[in-house]
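Asker: With the sequence up front, the predicted model follows.
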Amino acid sequence: MKKALNAITIALAGALLMAAAGAPQERPPDPKTIFDAAQRALVAHDYPKAEQGFREVLKIDPQSMAAYSNLGVVYMRQGKYDSAIEAFNQAKKLAPRMAGLDLNLGLAYYRKHDFRKAIPAFERVLRSDPQSSQARYLLGLSYFMQDDFEHTVTTLAPLMASENNNLDYLYVMAIAYGKSQHEEESRRTFAQLVEAGGETAHMHLLLGKAYLDLFWNEKAEAELRRTIALDPKLPFAHYDLGVAYQREAKLDQAAAEFKQEMAVLPTEPWSYEDLGTVYLEQNKPDSALEMFRKALAINTQLPASLDGIGKAYLLKGHPAEAIPYFQKALKFHPDNSKLHFQLGQAYLKSGEREKGQQELAEAGRLKALARKKQEDQLSGKLPASEGPGENP
């Protein structure tokens with residue numbers, strides 16, 4: 001009986017082994033199939049599915065430059081710029097000379113408003129492909145956003161023939177020419193802007209903003225009033241007109257424009273912030289506090305609003321409450337002499353004399369440095385003369 005059972009057991013085991021040997025083996029996942037599915041999801045704007053697919057590819061093939069690159073595109077389209085930058089940098093490690101990666105990397109920095117880091121990425125693209133008009137355009141705009149107007153002009157000028165009807169391009173060039181003391185070119189570009197834009201609200205808004213940037217406040221006011229007459233709900237028209245009025249010390253009119261802009265764009269902090277500044281000028285600290293707090297509720301990273309709250313508390317005679325706001329503002333601008341001066345005043349009025357004197361001394365030091373820098377820029381420098389017998 002025992003031998004029979006052993007025989008049956010052996011037979012069953014053999015049958016199982018044969019079945020196992022004949023069973024089809026499960027194939028490992030094919031990265032190309034997964035990649036193609038993720039690519040289709042990206043085209044269809046199904047970003048969660050696309051992200052999952054490209055990450056699965058990278059688990060199988062960590063050296064897939066294409067998966068990293070497309071993952072960066074997925075993140076950039078969702079506004080996740082830090083993740084996009086990380087993915088593009090991983091792709092660049094695998095393909096350091098691919099211009100398309102630098103273009104996307106620069107674009108991610110540009111959309112993050114980190115123009116300083118966008119510039120070298122776009123410069124690398126142009127070195128490898130001087131005919132890339134997209135890289136040239138974005139590089140020029142990045143210089144413009146960094147207030148580097150000479151480089152803005154030299155970078156964007158070659159695009160004039162193809163962009164001579166692009167209102168935004170003409171606006172940037174008109175400002176850059178004006179700021180870099182190319183007055184004739186600036187006037188000519190302004191004329192092109194007017195001709196290309198026609199009698200449209202957008203054209204008058206750009207023209208008004210251009211005049212604001214050049215501090216031609218009366219001309220800005222006239223253009224912005226035309227803008228609002230054509231389209232009273234055009235974003236930033238009331239705001240820019242409010243800025244012009246504020247510069248001209250027409251504070252009531254400025255306040256009215258900022259309030260109208262709030263109705264057009266209630267989720268932008270700038271009108272609240274600037275209205276708070278108007279209220280400070282009108283000696284209305286409580287109203288100013290309300291506006292600055294509304295601005296910070298929209299965007300916590302606003303040093304001017306933090307500074308404004310500090311000023312409002314000083315105006316109310318509450319220096320101790322002003323101190324933390326000046327300190328927070330200084331984290332954004334540690335070399336700002338005015339902020340150090342205001343913090344010093346708050347400390348002194350709070351009875352903290354030693355801290356107050358330290359801040360006032362730092363304010364004086366920074367102001368002297370800024371004055372010396374300005375003098376050097378105006379007067380220039382010569383190298384030290386060589387002593388007799390010294391080699392050049």
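Answerer: Right, received. Where do you want to start?
Asker: pretty sure residue 37 contacts residue 56?
Answerer: No - using CB atoms under 8 Å as the test, residue 37 is too far from residue 56 to be in contact (9.4 Å). Backbone N, C-alpha and C define where each C-beta goes, glycine included.
Asker: Which residues are in contact with the nearest residue to residue 52 once chain neighbours are set aside?
Answerer: Nearest non-adjacent residue to residue 52, counting by CB to CB, 6 or more residues apart in numbering: residue 38, 7.5 Å away. By CB atoms under 8 Å, 6 or more residues apart in numbering, residue 38 lies in contact with 49, 50, 51, 52, 53, 54, 56, 57, 67, 70.
Asker: list the helices and strands the helix or strand hosting residue 202 packs on?
Answerer: If you go by DSSP states H and E, residue 202 is part of helix 201-213. Secondary-structure packing of helix 201-213 (3 or more CB pairs under 8 Å, 6 or more residues apart in numbering; DSSP states H and E): helix 167-179, helix 183-197, helix 217-230, helix 237-247.
Asker: now the angle between helix 217-230 and that helix, please.
Answerer: Angle, helix 201-213 to helix 217-230, by axes from the mean of the first three to the mean of the last three CA atoms, to 10 degrees: 160 degrees.
Asker: tell me the mean pLDDT for helix 201-213?
Answerer: For helix 201-213, the mean per-residue pLDDT is 88.
Asker: in the host helix or strand of residue 368, what's buried?
Answerer: Using DSSP H and E, residue 368 sits within helix 353-379. Using 16 or more other CB atoms under 10 Å as the test for burial, helix 353-379 gives 355, 356, 359, 360, 362, 363, 366.
Asker: Same check on stretch 104-122?
Answerer: For stretch 104-122, by 16+ other CB under 10 Å, it's 104-110, 112, 114-115, 118-119, 121-122.
Asker: Could you report the neighbour count for residue 259?
Answerer: 14 (other CB atoms under 10 Å).
Asker: That one touches residue 275, doesn't it?
Answerer: Yes - shown here, residue 259 and residue 275 form a contact pair, counting by CB under 8 Å, at 6.9 Å.
Asker: Out of the buried residues of helix 353-379, which comes closest to residue 92?
Answerer: residue 366 (38.6 Å; CB to CB).
Asker: if you skip the residues just before and after it, what's nearest to that closest one?
Answerer: The shortest distance from residue 366 to any non-neighbouring residue, by CB to CB, 6+ apart, is to residue 337 (3.9 Å).
Asker: quick one on the thing from earlier: the helix holding residue 368 packs against which elements?
Answerer: Using 3+ CB pairs under 8 Å, 6+ apart: helix 353-379 touches helix 337-349.
Asker: centre of the chain versus stretch 74-94, how much separation?
Answerer: Distance, stretch centre to chain centre, for stretch 74-94: 16 Å (CA atoms, centre = their mean, to the nearest Å).
Asker: What of stretch 132-141?
Answerer: 16 Å.
Asker: What residues sit buried inside that stretch?
Answerer: Quick answer for stretch 132-141 (16+ other CB under 10 Å): 132, 135, 136, 137, 138, 139, 140, 141.
Asker: Other residues contacting that stretch?
Answerer: Against stretch 132-141 from outside (CB under 8 Å, 6+ apart): 99, 103, 106-107, 110, 118-119, 122-123, 125-126, 129, 151-152, 155-156, 158-159, 162-163, 169, 172.
Asker: Could you rerun that using 6 Å?
Answerer: 103, 110, 122, 125, 126, 152, 155, 156 (CB atoms under 6 Å, 6 or more residues apart in numbering).
Asker: most neighbours, which of those?
Answerer: Neighbour counts for those (other CB under 10 Å) peak at residue 122, which has 29 neighbours.
Asker: helix/strand/coil for it?
Answerer: Using DSSP: H, G, I helix; E, B strand; the rest coil, the structure places residue 122 in helix.
Asker: how about it, what does it touch?
Answerer: With CB under 6 Å, 6+ apart, residue 122 has these contacts: 106, 135, 138, 139.
Asker: 10 Å instead?
Answerer: By CB atoms under 10 Å, 6 or more residues apart in numbering, the contact list for residue 122 reads 102-103, 105-107, 109-110, 115, 132, 134-143, 155.
Asker: Listing request: residues of the chain with sub-threshold pLDDT.
Answerer: Within the chain, the ranges that satisfy pLDDT under 70 run 1-28, 374-392.
Asker: Can you list the residue ranges for helices in the stretch 1-150 of the chain?
Answerer: Assigned helices in the stretch 1-150 of the chain, in chain order: 2-22, 31-43, 47-60, 65-77, 81-94, 99-111, 115-128, 133-145, 149-156 (criterion: DSSP state H, counting those that start in this stretch).
Asker: isn't residue 171 right up against residue 214?
Answerer: No - contact between residue 171 and residue 214 fails when scored by CB atoms under 10 Å: they sit 11.5 Å apart.
Asker: Give the residue from these two that has the larger number of neighbours.
Answerer: The neighbour count for residue 171 versus residue 214, taken as other CB under 10 Å, is higher for residue 171 (22 against 16).
Asker: which residues touch the more buried one?
Answerer: Contacts for residue 171 (CB under 10 Å, 6+ apart) come out as 144, 189, 190, 193, 197, 203, 205, 206, 207, 209, 210, 213.
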